[in-house]
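Engineer: Compute the structure for the input listed below.
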Amino acid sequence: MPPTIVGVRFNPIGKVYHFDSGLITDLKKGDYVVVETTRGKQLGQIAQIIEEPGSPPDGGWKVIERRASARDLVTRQGWQIKEPEVVEFARQRALELKLVGVKVISSEYSFDGSRLTVFFSTETEEKADLKSLRQDVQRRFAPSQVDLRQIGPRDVAKNLCGIGACGLEKRCCCQFLSEFSSISIRMAKEQGISLTPGEITGMCGRLRCCLSYEFDQYTEARSRLPKRNKEVKTPLGVGKVIDVRPLQEMVTVEIPDVGYREFPMSELTVLSGNEDKSGGK
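Structural biologist: Predicted structure coming up:
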């Protein structure tokens, strides 16, 4: 009998990690479980049941240790209550140590408190010397094993949350994006979006994640339309393509002695280049 693979989240909008349910056969979405991770024991929530898991990763699937009990949930909550104290202490020590450009963002205890991770960001590309800071945090919060982990601008924005650049009450990253995809300036160009930095930059200072939401649809739609400066035959004569509206499949054409006119692609025939195509397909 094949193993039952489940997706586990350790944060409400965090990445989903896959585990073998082992001998626990009745897990369902929403259940809490205890698992062993590279950052110690963690308490996570079942986010999905994988029907067709495919090939296992190198080393096989990690097995869920057990279903979480009420005591486990209280234990986790107890450690979470201590996390703001860690952040406050680390920030104060960073100031005292004059760690310029280093910002302590958050902290996270492992389920059993054996490990403590402090997340920080830097404003420079130079690697900061955080040895003294880690040692100070280690002494203050022993016996937990302290680890300092740098995160990027998008992760910082996700952690802080707040209003999105578009006006949404919550930014996409802290509302539903569990992973960040690669965003390029080409995505804005393909959709005809203004390249003004304020129009395409998110609160994190990076290109907005939403530029990728409709990119594939625009790319597919544009593939069916002639490019700018192509000659096309229209019901009013031959003209040159000036602009296109991909999702509406409309093309603006400049026709001599007529001027600018807009036509649906079904009324046009491309006359030149290797992209010859006819409308009405």
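Engineer: Report the contact partners of residue 233.
Structural biologist: With contact taken as CB atoms under 8 Å, 6 or more residues apart in numbering, residue 233 is in contact with 268, 269, 271. Where you see a C-beta, it was placed from the backbone N, CA and C, and this is true even at glycine.
Engineer: So which of those sits lowest on pLDDT?
Structural biologist: Lowest in pLDDT among the contacts of residue 233 is residue 271, which has 88.
Engineer: Around that one, count how many other residues there are.
Structural biologist: For residue 271, the tally of surrounding residues (other CB atoms under 10 Å) stands at 13.
Engineer: Quickly note the distance from it to residue 251.
Structural biologist: Taking CB to CB, to the nearest Å as the measure, residue 271 falls 13 Å from residue 251.
Engineer: which neighbours do those two share?
Structural biologist: With CB under 8 Å, 6+ apart, residue 271 and residue 251 have common neighbours residue 232.
Engineer: for the helix or strand containing residue 86, packing partners?
Structural biologist: Applying DSSP states H and E as the criterion places residue 86 in helix 70-96. Helices and strands touching helix 70-96, by 3 or more CB pairs under 8 Å, 6 or more residues apart in numbering; DSSP states H and E, are strand 32-37, strand 40-50, strand 102-109, strand 115-122, helix 131-140.
Engineer: and of these, who's closest to residue 26?
Structural biologist: Proximity to residue 26 (CB to CB) singles out strand 40-50 among the helices and strands packed on helix 70-96, at 11.0 Å.
Engineer: Give the partner strands of that closest one in its sheet and their orientations.
Structural biologist: Next to strand 40-50 in the sheet, as set by DSSP bridges, lie strand 5-9 (antiparallel), strand 32-37 (antiparallel).
Engineer: Now do the buried residues in the longest one.
Structural biologist: If I follow you right, that is strand 32-37. For strand 32-37, a neighbour-count test (16 or more other CB atoms under 10 Å) marks 32, 33, 34, 35, 37 as buried.
Engineer: Of those residues, which is the nearest to residue 169?
Structural biologist: The closest of these, once distances to residue 169 are taken by CB to CB, is residue 32, at 27.9 Å.
Engineer: how about the closest one, what does it touch?
Structural biologist: So residue 32 contacts 43, 44, 45, 46, 67, 68, 72, 73 (CB under 8 Å, 6+ apart).
Engineer: Okay, it and residue 178: tell me how far apart.
Structural biologist: To residue 178, residue 32 is 18 Å away according to CB to CB.
Engineer: now swap in residue 19 and tell me
Structural biologist: From residue 19 to residue 178 the distance is 16 Å (CB to CB).
Engineer: More neighbours: which of those two?
Structural biologist: Neighbours were counted for residue 19 and for residue 178 using other CB under 10 Å; residue 19 has more, 24 against 14.
Engineer: Who are the contact partners of that one?
Structural biologist: 5, 6, 8, 33, 35, 61, 62, 63, 64.
Engineer: ditto for residue 123
Structural biologist: 101, 103 are the contacts of residue 123 under CB under 8 Å, 6+ apart.
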